[in-house]
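> I'd like to go over a predicted model; first the sequence, then the structure.
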Amino acid sequence: MMGNTFGRLFRVTTCGESYGGGFRKSLDIPKELYGGLITIVDGVPPGITITPELLQGELDKRKPGLSALSTPRKEEDRVYIFSGVMENNLTTGAPIGIIIPNTDIEDRHIEQHRANKDFIRPGQASYTYYKKYGRFADWAGAGRASGRETAARVAAGAVAKAVLDLMGIDVIAYVTESHGIKAGHITYEMAKANYRKNELNCPDLEKAKEMIEDLLEVKAAGDSCGGVVEIIAKGVPAGLGEPVFDKLSATIAHGLMSIGGVKGIEFGEGFKHAAMKGSEANDTPWYDEETKRVRFRTNKAGGLLGGITTGEEIRIRAAVKPTPTIMLEQETVNIRHRKNVVHRFTSRSDPSLCPRIYPVCEAMVRIALLDAIYMAKAYESVINNIVPGWDML
Ligand SMILES: Cc1cc2nc3c(=O)[nH]c(=O)nc-3n(C[C@H](O)[C@H](O)[C@H](O)COP(=O)(O)O)c2cc1C
């Protein structure tokens, strides 16, 4: 399987599955090493404080079983730092190895998945995994396509956060829409003030009540629904991003679209641009004497032009599809018997991915941003040395 690394200079590699280890339980293997997730984060500067608590704080945001809106799975998501950090929790500059064991791997849950393994799970990656990996495809809890894999990314995102914090760059994600119920406009200040104040992490506290009530009804009916996660990156300097194939907008979209269940990305006014005139869409630049910076009166572009940051806040929206596994009967195919059937899947699932996906969005944007900073700094350090006085603004 390829494609398990993200980033160029700040690089994150993950491995692990939902039920990995459930098949290798034995007395000579310590419980924590049956299986789980591993993250390797390369490109971390030396001298950064990375504690297990710091990683745990981020991981706890996406942990299942926290509310009535999330799956009853009880994954502990306990994080262990394995390498790259020495005395006083300071990084050495070596790759950071992180291990998150799978502790919720009861045999009866594996048997539930075994009982369903011949049925294509609608909306899940089961059909495509069978096409690609044939009879060796992991059938227990979606394998690498499982939401569980995202815990490994969140751990890596926490490392990126520790570095970005020192640069004054903040990334925050929250839910703005659920099953068509929309929050009002959310400012950065509002998002900070109302962060995680409800089970859905929607900063519009009134609308959140409506969304949660609706979600509980959807859950009671055995169904699921989708929503929108918005992400703001604040304090990002102008000039980050490599034009053409590695536009920062493209690498951020790459990171976010790699999260299971994310079906669309917009920057700033996004798809609304299609209905605008140029005079409506263009953000007017102005020179701020005080900060000696070019600013923009509006930010319909969402903080990026030509794939390079403008210095305004980056605002991204991710469309999240309804959780594929639902408790209702669905038409599908029994691949062993090559028969059209009606089947009800019995495994545990969330009525909405939104309450658990926003920390994963934060993580992927942080990783993409830190990588872009490394790229920009590498370029600038060369050009500054050979062409003094090149920058105009
Ligand atoms: C945090 C998180 C939790 C998820 N939990 C579930 C789940 O409980 N049940 C399910 O069917 N899909 C779940 N998914 C979604 C699947 O991973 C995803 O829909 C599937 O891999 C298909 O990929 P695609 O939707 O991007 O095409 C979850 C995704 C994330 C990010």
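Happy to help now that I have it. Residues are numbered from 1 along each chain as shown.
> CA only for contacts and neighbour counts going forward, please
Fine.
> in the stretch 101-250 of the chain, what residue comes closest to the ligand?
In the stretch 101-250 of the chain, the residue that lies nearest the ligand is Gly147 (3.5 Å; CA to the nearest ligand atom).
> how near is the closest residue to that residue other than its chain neighbours to the ligand?
What sits nearest to Gly147 in space, not counting adjacent residues and going by CA to CA, 6 or more residues apart in numbering, is Gly260, at 6.7 Å. Noted for Gly260: a distance of 4 Å to the ligand, by CA to the nearest ligand atom, to the nearest Å.
> list of residues touching stretch 285-292?
293-297 (CA atoms under 8 Å, 6 or more residues apart in numbering).
> among those, which ones are buried?
Among the contacts of stretch 285-292, those scoring as buried are 295-296 (criterion: 16 or more other CA atoms under 10 Å).
> what segments of the stretch 151-300 of the chain are strands?
170-178, 181-182, 227-234, 262-267, 285-288, 293-296 (DSSP state E, counting those that start in this stretch).
> turn the ones you listed into TSV, including mean pLDDT.
As requested, the strands of the stretch 151-300 of the chain are exported to TSV (pLDDT from 0 to 100):
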stretch	mean pLDDT
strand 170-178	98
strand 181-182	98
strand 227-234	98
strand 262-267	98
strand 285-288	97
strand 293-296	96
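> how about CSV for those strands, with distance to Met375 added?
Compiled in CSV, the strands of the stretch 151-300 of the chain are given as follows (distance: least, CA to CA, whole Å):
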stretch, distance to Met375
strand 170-178, 19
strand 181-182, 37
strand 227-234, 18
strand 262-267, 21
strand 285-288, 26
strand 293-296, 22
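> contact partners for the closest residue to Gly184 other than its chain neighbours?
Counting by CA to CA, 6+ apart, Gly184 lies nearest to Asp204, which is 6.7 Å off, once chain neighbours are set aside. For Asp204, the contacting residues are 176, 183-184, 186, 194, by CA under 8 Å, 6+ apart.
> most neighbours among those residues, please name it.
Within these, Thr176 tops the neighbour count with 28 neighbours, counted by other CA atoms under 10 Å.
> which residues does the residue lying closest to it once chain neighbours are set aside contact?
Leaving aside its sequence neighbours, Thr176 sits nearest to Ala183 (CA to CA, 6+ apart; 5.1 Å). Residues in contact with Ala183 (CA under 8 Å, 6+ apart) are 176-177, 202, 204, 207-208.
> and Ala183, what pLDDT?
In this model, Ala183 is scored at 98, pLDDT.
> likewise for the one 5 residues further on?
The confidence metric pLDDT takes the value 98 at Tyr188.
> list the contacts for it?
Here Tyr188 is in contact with Ile232 (CA under 8 Å, 6+ apart).
> repeat that for Leu304.
Per CA under 8 Å, 6+ apart, neighbours of Leu304: 248-249, 310, 314.
> partner residues bridging it?
Legend: beta-bridge partners of Leu304 under DSSP bridges are Thr309.
> re the thing from before, mind putting the contacts of stretch 285-292 in JSON lines, distance to Phe267 included?
Conversion of the contacts of stretch 285-292 to JSON lines gives the following (distance: CA to CA, whole Å):
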{"residue": "Arg293", "distance to Phe267": "22"}
{"residue": "Val294", "distance to Phe267": "20"}
{"residue": "Arg295", "distance to Phe267": "18"}
{"residue": "Phe296", "distance to Phe267": "16"}
{"residue": "Arg297", "distance to Phe267": "17"}
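> was I right about Cys361 contacting Ala233?
No - in this structure Cys361 lies outside contact range of Ala233 using CA atoms under 8 Å: 11.3 Å.
> from Ala376, how far off is Leu369?
According to CA to CA, to the nearest Å, Leu369 and Ala376 sit 10 Å apart.
> and those two? which has more neighbours close in?
Leu369 (25 against 15).
> any stretches of the stretch 101-250 of the chain with poor pLDDT?
Across the stretch 101-250 of the chain, nothing is flagged by pLDDT under 70.
> what residues does it put near the ligand?
124-125, 145-147, 150 (CA under 6 Å from any ligand atom).
> make it 5 Å
124-125, 145-147 (CA under 5 Å from any ligand atom).
> rebuild these as CSV, extending it with neighbour count.
What follows is these, written out as CSV (neighbours: other CA atoms under 10 Å):
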residue, neighbour count
Gln124, 17
Ala125, 18
Ala145, 20
Ser146, 18
Gly147, 20
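> what's the burial count for Tyr374?
For Tyr374, using other CA under 10 Å, the count is 17.
> by how many degrees do the helix or strand hosting it and strand 262-267 diverge?
Element membership of Tyr374, judged by DSSP states H and E, is helix 354-386. Angle, helix 354-386 to strand 262-267, by axes from the mean of the first three to the mean of the last three CA atoms, to 10 degrees: 50 degrees.
> what helices or strands is helix 354-386 leaning on?
helix 52-62, helix 150-166, strand 170-178, strand 227-234, helix 248-257 (3 or more CA pairs under 8 Å, 6 or more residues apart in numbering; DSSP states H and E).
> mind putting the ones you listed into CSV with distance to Tyr130?
As requested, the helices and strands packed on helix 354-386 are arranged in CSV below (distance: least, CA to CA, whole Å):
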stretch, distance to Tyr130
helix 52-62, 28
helix 150-166, 21
strand 170-178, 31
strand 227-234, 28
helix 248-257, 21
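> quick one, which of those is nearest to Lys25?
Among the helices and strands packed on helix 354-386, helix 150-166 comes nearest to Lys25, with 21.5 Å by CA to CA.
> count of residues packed around Gly16?
24.
> in the sheet, who's paired with it?
The partner list for Gly16 in beta bridges (DSSP bridges) reads Leu37.
> tally up the residues packed near Cys225, please.
22.
> how about the strands in the stretch 1-150 of the chain?
Under DSSP E, counting those that start in this stretch, the stretch 1-150 of the chain gives strands at 5-6, 11-16, 36-42, 80-83, 96-101.
> deepest of these, which one?
Of these, the one with the most neighbours on average (mean count of other CA atoms under 10 Å) is strand 36-42, at a mean of 24.
> just checking, what packs against that one?
Checking 3+ CA pairs under 8 Å, 6+ apart, strand 36-42 ends up next to strand 11-16, strand 96-101, helix 150-166.
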